[in-house]
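[1] mind folding the following:
(one chain, ligands or ions: 1)
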Amino acid sequence: MNLKQQAALHALQYVRSGNIIGLGSGSTMTLFISALGALLKSGELSDIIAVPTSEETARQARQAGVTLATLDEHVRLDIAIDGADEVDKDLNLIKGLGRALLREKVVAIHADEFVIIVDKTKLVSQLGTRVPLPVEVVSFAVGSQIRWLNQLGCSAELWLSEEGSALLTDNGNSLVRCWFDNGIEDVEHLDSVIKSRTGIVEHGLFLDMATKVIVANETGITEMQSTR
Ligand code: 5RP
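    As a prediction, the model looks like this:
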C-alpha cells in the first residue's frame, strides 16, 4: 500500500454512518473515494451524503456508489476530507494543483471538521518552497492579473495545458501559477492582498482552516491537530 493510500484509509475512521461529507479532489482523494465506496458496498458505512469539489470527484463518487448533494441542499457538513500540495507546521496549506481550489475552499468553510490527507512529501517548513501558489482568475484581462501578481515578488505564469491553451477550472476561470524563489514570507499578508484584487476569484492558500492533518510516512501515520 502506498503512502497516499495509507493516509486515505486512516481518514475513513472519522466518517460515520449518516454523515454529510465534503469530498476534495486529487489523487489522494481518488483513493479515499474508492475506499469509501467499498465500505458502503460492504455495509460498514451507510447513509453517507457527499458534496463533491470538482466534476471529476463527482464522477468518481458516483462510480463508487456515493450519494451526491449540493451545498444548497445541505449547508452544514459534518466533515470535509481533502488532499493538499503543501502543509506547514501550523496546518496552513497550499492547495489547488488539482485545479479545484475554489470549490474546495467553499466546501471546507461549510464543514465542522476539515481533515487533510497527505504523504510526508507534502510537509514543508515554509509554504511556497515546493510548489507554486495557484490563483484562480477571471479569464477577462488575465494578462493584467499576471502583471499585478508579478509585482508581489513571485514569478506568475498562465497555467497552460500540454497543447498550449489556457487551462480552465470547472468554474470556467483561468489559473495562474505563482512561483516564489524563497517561499512565501508572510502568508497572512499575501492572503489578504490577493483577495482584495478585483478579477481574482480565489487563491490556494488555506490558512487556519484545517482541523486535522493526517500524514503517512514509512513508519506509520502521524496526526497533526489544530489547536483552535
Ligand atoms: C486539488 C488539490 C489537491 O488536494 C492537491 O493538489 C493534492 O493532490 P494529490 O492528492 O493528487 O497529491 O488541492 O485542487
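
[2] contacts for the longest strand seen in the chain?
    Counting by DSSP state E, the longest strand found in the chain is strand 111-119. Here strand 111-119 makes contact (CB atoms under 8 Å, 6 or more residues apart in numbering) with 2-4, 6-8, 10-11, 14, 21-22, 28-29, 32, 76-84, 87, 91, 93, 108, 209-217. Placement of C-beta: from N, CA and C, glycine included.

[3] check stretch 39-55 too.
    Contacts of stretch 39-55 with the rest of the structure, by CB under 8 Å, 6+ apart, involve 12, 15-25, 36, 58, 61, 64-71, 74, 77, 82, 98-100, 103-104, 106-107, 110, 170.

[4] what pLDDT does the residue positioned nearest the centre of the chain get?
    Nearest to the mean C-alpha position of the chain, by CA atoms, centre = their mean, lies Lys95 at 4.5 Å. At Lys95, the predicted lDDT confidence score is 98.

[5] tell me the spacing between it and Val66.
    Look at Lys95 and Val66: by CB to CB, to the nearest Å, they are 21 Å apart.

[6] the ligand next: which of the contacts of stretch 39-55 are close?
    Residues of the contacts of stretch 39-55 in contact with the ligand (CB under 6 Å from any ligand atom): Gly24, Ser25, Asp82, Gly98, Arg99, Ala100, Glu104.

[7] in strands only, show me those.
    Residues of these located in strands (DSSP E): Asp82.

[8] nearest to Leu205, of the ones next to the ligand among the contacts of stretch 39-55?
    Nearest to Leu205, judged by CB to CB, of these is Glu104 at 12.0 Å.

[9] what is the burial count for the closest one?
    Neighbourhood size, Glu104 [other CB atoms under 10 Å]: 31.

[10] got the contact list for it?
    Going by CB under 8 Å, 6+ apart, Glu104 touches Gly24, Ser25, Thr53, Asp82, Lys95, Gly96, Phe206.

[11] pLDDT score for it?
    98.

[12] not counting sequence-adjacent ones, nearest residue to it?
    Ranked by CB to CB, 6 or more residues apart in numbering and with sequence neighbours excluded, the top spatial neighbour of Glu104 is Thr53, at 4.6 Å.

[13] can you list the strands that the longest strand of the chain pairs with?
    Next to strand 111-119 in the sheet, as set by DSSP bridges, lie strand 77-82 (parallel), strand 212-217 (parallel).
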